[in-house]
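Asker: Okay, structure incoming, though there's no sequence with it:
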């Protein structure tokens, strides 16, 4: 075990910086082996601070020298370095500080700070990467205006980019050149960026709402230029949407996006110079799927929207991370939903179809939330969206901070309504533009602008865990009333289980409800005691303010016993418990006007059967299934009124990870057995229907590819029907899959067929797999898909993954490749990872031991794959604990990885 005690940082201990920085001038002489960085900044004493010393931060950042007001300082006499802190005790009230550091970008495999990738230079500074470049007060509440001079070899690095506006460039002696950039807006150090290298550029322009023309640039490697147009289109759509929805304009003369293949994150919102993982910016029908196109649009939107929610107004400290991330995820989800609805409306002219398109995205977002964040909320790393403590901030770029954070913003939008929410946003920017603020500042703006009390609602920021809401209803036929009783509770999780944690209090939950009559129509809603339409009423949906541990809501003028439609649109991130019969759920699938709840009813029907089957499989009992799901599936397949994308959601059984979470003890093999059995049961019953439907769907040859939601929905349904048909055992399905794989004119169709073959008919997949690799071996992103689909296949075990890890195309140094294989195996193939012999855990431990020395941030994320080990069966728990202890005992284990392993073992 590690002998050094990890340092825990607490939100309550926040203190303002002793000095504020007004301007920063940086000069870079770029060289792969030795880059010199000269930094000069002017600071002034902060009257709000209690401390007096100037504290600069540095990590693996060799200091050449440091000066204050022209005086060279001596280590041990004028300053001292303790860990990552350089402290100068005696400082004048105002000063000019100069620091020179020496870096080796080519050796920086952490991909934090300044590093080299494929001969080009890039930076990643969030959260604490800037301190790897120079010694500086590297904290988000220190905001300054930056001027940056870049110098590099003209031939090797013809493109030189940094934040803001280009103000000067030219040639230098010795084949070098320079570019000077100036950012007119104050920003924290985590938003600093530079890029230098050989890059091609796609340029366009846009005229903002105020009539200003802005230059837009997407930089990629030359061979990827044809894959950059969708990112440009998405950027233009994002700019226009933010103007129309929130009144926010692009504030710089240009906006740049740069793609890099070696990147820890999806993308980074550096002011005016967004740096993207290639997987989040490149899109072409031949090499990317419809899901990739949708992701590019969403991520481009997300990073652009940060220009205001994150950059113009930033976080006071890293505990407030959800202030920018939760809000911006909400904004990008709304952007994607609006884009989808507009595209469907333009294609079909049907408002219901447009609403269905929005619902499909909402269903997907909630599916992701449940599969990742709900799991996180039940484990040892559980934390509120605004954590109270951490050892390494890198471990809190989590589904809780991002996705649950966005749900907390969405709930405020639901409670306030669109008009008041917009007023709150306007007030937030009016009060805090150019400031580093807190989550409380945001909710205060929402409360003050709307007049709605959010005091109790703030508990969502401070309490962890997923609340459970139990619902029961009672109809009084004589009084024509329906009473809905709601009860909420939320167990202590994560650090809340430690001694001294406060008791948890009820949440303020916006609970959307409708009542469906026996005729399948929504009933008009009126609460007892209400004489006028409630401000939240939209004809037949009412948002209840659920604030108490138990609360009763009585609806009047309800002549017939209704079927309640609860938590419509997933109005709050809670687990709903409501006893509904199969007949009631089937009725809801057929008639609920809320598309989300129609899909939810199908999920409940599927989950109910899957859990019973998994329990029988775990007990070694024979498996059997009824005809309810095959009958519903047949109706859905035949219903031409349903959009293809929505049909796909209705036909999707719960994934293995969500089934496992519903079990007291996770038996991944039993879950796999149960799910495959039910899929094959449905497929066998519908063999002819599936063959007929596939024939209809795949008959539209000659259609030009488009990533629009209507076309993408058709392709998604085609692939799903093909997979079910293969599971029916029909030999014709194998022929159809092979033909689709060979003849497809887009990656969605080709990969869909190949994935189905690899999963269901692996003996027929060998040649297509080989052909696929040969065809795309020079395209890294496609080869990532090749690794992932094999790692996640039903038949794949750790020995197969070990073989893939020895493939010439595999490397741990590229995060995309590592995630494709290792995360693809552990997360998408739980039966393989949790094999009875413990080989999956041995592979996990071996990989972390290697990866932690290369890239600690990614290693820490990989460590999270085992943080739910206590939920495993007893035999597997023993092996999992041994693997965790083996990693914990490694010498020199990085701080982020050690935090995850330590909490996994102790909480």
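Answerer: Thanks, I have it. Given the structure is predicted, the values throughout are model-derived calculations rather than measurements.

Asker: what does stretch 638-655 rub up against?
Answerer: Here stretch 638-655 makes contact (Cβ atoms under 8 Å, 6 or more residues apart in numbering) with 344, 353, 356-357, 359-360, 363-364, 367, 371, 589, 595, 598-599, 602-603, 606-607, 610, 633, 636-637, 675, 678-679, 689, 697, 709-710, 712-714, 716-717, 720, 724. The way it works is simple: take the backbone N, C-alpha and C, and place the C-beta from them, glycine included.

Asker: which ones among those are found in helices?
Answerer: Among the contacts of stretch 638-655, the ones falling in helices (DSSP state H) are 344, 353, 356-357, 359-360, 363-364, 367, 589, 595, 598-599, 602-603, 606-607, 610, 633, 636-637, 675, 678-679, 689, 697, 709-710, 712-714, 716-717, 720, 724.

Asker: contacting residues around residue 661?
Answerer: With Cβ under 8 Å, 6+ apart, residue 661 has these contacts: 374, 375, 378.

Asker: let's see it at 7 Å
Answerer: By Cβ atoms under 7 Å, 6 or more residues apart in numbering, the contact set of residue 661 is 374, 375.

Asker: Repeat that for residue 750.
Answerer: So residue 750 contacts 741, 744 (Cβ under 7 Å, 6+ apart).

Asker: Just the buried residues of the contacts of stretch 638-655.
Answerer: 344, 353, 356-357, 359-360, 363-364, 367, 371, 589, 595, 598-599, 602-603, 606, 610, 633, 636-637, 675, 678-679, 689, 697, 709-710, 712-714, 716-717, 720, 724 (16 or more other Cβ atoms under 10 Å).

Asker: pretty sure residue 16 is in contact with residue 47, am I right?
Answerer: No. Here residue 16 does not reach residue 47: they are 9.3 Å apart, not a contact under Cβ atoms under 7 Å.

Asker: neighbour-wise, which of the two wins?
Answerer: residue 16 (17 against 8; other Cβ atoms under 10 Å).

Asker: which regions of the protein sit below the pLDDT cut-off?
Answerer: 1-4, 531-538, 700-701 (pLDDT under 70).

Asker: Domains of it: list them as residue ranges, please.
Answerer: Here the domain parsing of the chain from automatic domain parsing is 1-45+54-196, 314-462, 468-573.

Asker: Out of the ones you listed, which one sits most buried?
Answerer: Mean neighbour count (mean count of other Cβ atoms under 10 Å) peaks for domain 314-462 among the domains of the chain, with a mean of 20.

Asker: Determine how far the last residue of it lies from the first.
Answerer: 20 Å (Cα to Cα, to the nearest Å).

Asker: okay, the domains of the chain in CSV with distance to residue 267 next?
Answerer: Below are those laid out as CSV (distance: least, Cβ to Cβ, whole Å):
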stretch, distance to residue 267
domain 1-45+54-196, 10
domain 314-462, 11
domain 468-573, 24
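
Asker: and residue 262, which of those is closest to it?
Answerer: Nearest to residue 262 among the domains of the chain is domain 1-45+54-196; the distance by Cβ to Cβ comes to 4.0 Å.

Asker: Shouldn't residue 65 be within a strand?
Answerer: Yes. Assessed by DSSP: H, G, I helix; E, B strand; the rest coil, residue 65 belongs to a strand.

Asker: surely it meets residue 72?
Answerer: Yes. Using Cβ under 7 Å, residue 65 and residue 72 qualify as a contacting pair, with a distance of 6.0 Å.

Asker: how about residue 175, what does it touch?
Answerer: 153, 154, 155 are the contacts of residue 175 under Cβ under 7 Å, 6+ apart.

Asker: And the last one, how far from residue 231?
Answerer: Spelled out, it's residue 155. To residue 231, residue 155 is 27 Å away according to Cβ to Cβ, to the nearest Å.

Asker: do the same with the first one
Answerer: Here the criterion is Cβ to Cβ. By it, residue 153 lies 28 Å from residue 231.

Asker: swap in residue 399?
Answerer: 25 Å.

Asker: how about the strands of the stretch 351-500 of the chain, start to end?
Answerer: Here the stretch 351-500 of the chain has its strands, by DSSP state E, counting those that start in this stretch, at 389-390, 436-437, 468-476, 481-489.

Asker: which is the next helix or strand following the first one?
Answerer: Using DSSP states H and E, the helix or strand that follows strand 389-390 towards the C-terminus is helix 399.

Asker: what's around the closest residue to residue 266 other than its chain neighbours, how many residues?
Answerer: Of all residues not flanking residue 266 in the chain, residue 280 sits nearest, at 4.7 Å (Cβ to Cβ, 6 or more residues apart in numbering). Residue 280 has 24 neighbouring residues, counting by other Cβ under 10 Å.

Asker: Test my guess that residue 280 contacts residue 296.
Answerer: Yes. The pair residue 280 and residue 296 passes the contact test of Cβ under 7 Å, sitting 6.0 Å apart.

Asker: got a list of what residue 465 touches?
Answerer: 377, 382, 490, 491, 493.

Asker: Return the distance of it relative to residue 386.
Answerer: According to Cβ to Cβ, residue 465 and residue 386 sit 14 Å apart.

Asker: same thing with residue 267?
Answerer: From residue 267 to residue 386 the distance is 23 Å (Cβ to Cβ).

Asker: can you check residue 745 too?
Answerer: Taken as Cβ to Cβ, the span from residue 745 to residue 386 is 48 Å.
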